[in-house]
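[1] generate coordinates for the sequence data below:
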Amino acid sequence: MRAVALALVLSTLATTGCATRSTSGVAIGLGVVTAVTGVAIASGDGPEPASPDDPYGSFDPDFRPVGRAIALAGAALIAVGVVSLVQIGDEEPEAEAAAPPPMVDVSLDRDTLAAYEYARRGDCAAVAAIAAGVRRSDPWYYREQFASDPLLAPCLR
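    Residues are numbered from 1 along each chain as shown. As a prediction, the model looks like this:
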């Protein structure tokens, strides 16, 4: 039993940094702790042979199969955590690609305000000319902000 306690303490200390990426790190950390504990239990001594002097026999169960099962459960937790980390790694670049640029050029806002004024007057030719410059300057801003604006969109059709 001393080996099991030592295994728990050492594996817990070794996996304290694993819980850095949400549930994936937690699953890996718990898997390591579980697997090390299972190996410690499975490597223990088997049951003592029955003493011929004991008329009632002694009950000394063999916990080695239980230790193997616990070690397998730990390995499964580690595998689930690793697969989850791989999936998180695959998703992160897509999320970054969909994010808008961090800052928008002030001149684009100025051009958009001018386009609003021309749209209110009904001068769609001036709005289209400004739109061409905005599109050249920043395609993302043009697509997500300028062309989708309800006041400007009728002039851009």
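[2] residue 156 against residue 128, yeah?
    Yes. Under the criterion of C-beta atoms under 8 Å, residue 156 is in contact with residue 128, at a separation of 6.7 Å. (C-beta placed from N, C-alpha, C; glycine too.)
[3] of those two, give the one with the bigger neighbour count.
    residue 156 (17 against 14; other C-beta atoms under 10 Å).
[4] would you map the helices across the protein?
    2-14, 22-42, 64-98, 106-121, 124-137, 139-141 (DSSP state H).
[5] and those: which comes nearest residue 150?
    helix 106-121 (10.0 Å; C-beta to C-beta).
[6] buried ones in the closest one, by neighbour count?
    The neighbour-count check on helix 106-121 (16 or more other C-beta atoms under 10 Å) flags 108, 111, 112, 115, 118, 119 as buried.
[7] state the pLDDT value of the residue lying closest to residue 31 once chain neighbours are set aside.
    Nearest non-adjacent residue to residue 31, counting by C-beta to C-beta, 6 or more residues apart in numbering: residue 77, 3.0 Å away. Residue 77 carries a pLDDT score of 74 in this model.
[8] residue 77 - how many residues pack around it?
    So residue 77, with other C-beta under 10 Å, has 20 neighbours.
[9] same check, this time on the one 5 residues further on
    The number of residues packed near residue 82 is 14, by other C-beta under 10 Å.
[10] show me what contacts it?
    24, 28 (C-beta atoms under 8 Å, 6 or more residues apart in numbering).
[11] now residue 131
    115, 142, 146, 147, 152, 155, 156.
[12] between those residues, which is nearest residue 33?
    residue 142 (53.5 Å).
[13] domains for this structure, by residue range?
    Recorded structural domains for the chain (assignment: automatic domain parsing) are 2-95, 106-156.
[14] what's the least confident stretch among the ones you listed?
    domain 2-95 (a mean of 69).
[15] select from the contacts of residue 131 the one having the most neighbours.
    With neighbours taken as other C-beta under 10 Å, the top of those is residue 115, carrying 26 neighbours.
[16] for residue 151, what are its contacts?
    Residue 151 neighbours (C-beta under 8 Å, 6+ apart): 116, 119, 120.
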